[in-house]
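In: Take a look and give me a structure for this.
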Amino acid sequence: MVKYKMNEEALKNLVSTIIKPLITKPDVMTVTLTETPANVSCVVAVDAGDLGKLIGYGGTTIHAIRELIFSAHLSAGKKVYIEIEALKK
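Out: Predicted structure coming up:
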């Protein structure tokens, strides 16, 4: 198995590519990464009106997004935690 180390820019692009089609205001979305030796914290800030779309019914949408990101970044040896924040109006 080939280990691929995903850099910070590639992870931001992956998160943006997955989330932008799901929201109505993709131009206000921001992705911030904080990396520690053990994990990567990814904070996605979206418009308050898009928050429910990202969470989904019972959290199914955000759970699926987290699984995709975790699976893609698994080979780098770090866990990725995704948090969704609402931008204040």
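In: who touches the biggest helix by length in the chain?
Out: For the chain, the longest helix by residue count, based on DSSP state H, is helix 60-73. For helix 60-73, contacts defined as Cβ atoms under 8 Å, 6 or more residues apart in numbering pick out 6, 11, 14-15, 18-19, 22, 40, 42, 53-56, 79-80, 82, 84. All C-beta spots, glycine's among them, are computed from the backbone N, C-alpha and C.
In: for T36, phi and psi?
Out: Dihedral pair for T36: phi -120, psi 170, per degrees, to the nearest 10.
In: Give me the nearest residue to the spatially most central residue of the chain, chain neighbours excluded.
Out: Taking Cα atoms, centre = their mean, the centroid of the chain lies closest to V15, which sits 4.4 Å from it. Spatial nearest neighbour of V15, excluding adjacent residues (Cβ to Cβ, 6 or more residues apart in numbering): V31 at 5.2 Å.
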